[in-house]
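Colleague: Build me a model:
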Amino acid sequence: MPLYETQSRDESNETDVFGADWQAQIFKPSIAHTITLCKLRLYRVGSPGTVTVGVRAVAAGEPTGADLASGTIDGNTLGTATAGATVQVIFTTPISLTAATSYALVIRVPSGNISNALGLRIGGVSLPTNPYANGDIYRSADSGGTWTLGYAGDYDLWFEEWGMDVGSSLWIEADKLRYIDGTFLLERATKYEGEQETF
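Modeller: Residues are numbered from 1 along each chain as shown. Now for the predicted structure:
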């Protein structure tokens with residue numbers, strides 16, 4: 001399963017998400033494809049509860065509208081080390097992305113608070129600022145009602161965006177996720193809570 005957009009060069013700082021405080025990473029695919037999952041570097045403070053990651057359209061540089069696709073994880077199962085761990089979020093209904101069009105990964109923890117929060121690793125300190133050139137972090141203090149550019153545009157989330165080439169197929173059969181693009185078949189056991197996977 002191909003990796004498309006990514007900022008995995010730098011994770012030298014951290015930020016957090018809880019309650020009405022949401023964060024989003026803008027990204028711009030260079031190749032048209034179907035997004036199936038994303039990976040983030042995460043940790044928890046306290047017991048944040050359900051973490052939701054959505055894919056949204058972008059207008060005037062900011063996230064807009066409802067989720068086009070979304071997935072959830074149990075934030076209470078994350079580790080507490082602030083170095084974080086790579087965690088994948090599978091989107092329930094994969095969607096097609098258009099090349100050279102901006103989208104947003106929108107991360108929120110609605111039941112969280114300052115003592116029960118999601119920690120995210122971000123980059124922009126160890127490397128020259130703005131490690132991902134095709135997008136920025138945006139922040140919302142009102143559950144996505146309004147957005148502002150985060151950190152003066154100098155930082156980006158650590159993220160990986162995975163999917164399928166146009167014309168590929170993905171389905172679940174016999175408790176395995178199967179992916180075929182006409183040249184090969186990839187099988188893996190369906191992810192269960194607490195398991196970590198790599199492609």
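Colleague: Could you point out the bridge partners of the residue nearest the centre of the chain in the sheet?
Modeller: Centroid check for the chain by Cα atoms, centre = their mean gives C38 as the closest residue, at 4.6 Å. C38 has the following beta-bridge partners by DSSP bridges: V89, E161.
Colleague: where does the chain have low pLDDT?
Modeller: 125-128, 167-199 (pLDDT under 70).
Colleague: need the helices for it, in chain order.
Modeller: Counting by DSSP state H, the chain forms no helices at all.
Colleague: ok, back up a step: the residue nearest to the centre of the chain contacts P94, correct?
Modeller: No - if you go by Cβ atoms under 8 Å, C38 and P94 don't touch, sitting 11.3 Å apart. The way it works is simple: take the backbone N, C-alpha and C, and place the C-beta from them, glycine included.
Colleague: picking that back up, what sits against the residue nearest to the centre of the chain?
Modeller: When contacts are counted by Cβ atoms under 8 Å, 6 or more residues apart in numbering, C38 touches V53, Q88, V89, F91, L105, F159, E160, E161, W162.
Colleague: would you turn those into CSV with distance to T98 and neighbour count?
Modeller: CSV is the format used below for these (distance: Cβ to Cβ, whole Å; neighbours: other Cβ atoms under 10 Å):
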residue, distance to T98, neighbour count
V53, 20, 25
Q88, 23, 20
V89, 21, 19
F91, 16, 22
L105, 16, 23
F159, 19, 24
E160, 19, 18
E161, 14, 23
W162, 17, 20
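Colleague: Return the closest of the residues you listed with respect to E5.
Modeller: E161 (4.4 Å; Cβ to Cβ).
Colleague: Give me the distance between that closest one and Y138.
Modeller: E161 sits 16 Å away from Y138, going by Cβ to Cβ, to the nearest Å.
Colleague: And for G71?
Modeller: 20 Å.
Colleague: T82 touches L120, doesn't it?
Modeller: No - in this structure T82 lies outside contact range of L120 using Cβ under 8 Å: 10.6 Å.
Colleague: show me what contacts the closest residue to G46 other than its chain neighbours?
Modeller: In space, and not counting its chain neighbours, G46 is closest to N116: 3.7 Å by Cβ to Cβ, 6 or more residues apart in numbering. Counting by Cβ under 8 Å, 6+ apart, N116 touches F18, V45, G46, S47, P48, G49.
Colleague: Please name the bridge partners of N116.
Modeller: N113.
Colleague: One more: the one 4 residues further on?
Modeller: Judged by DSSP bridges, the bridge partners of L120 are T15, L42.
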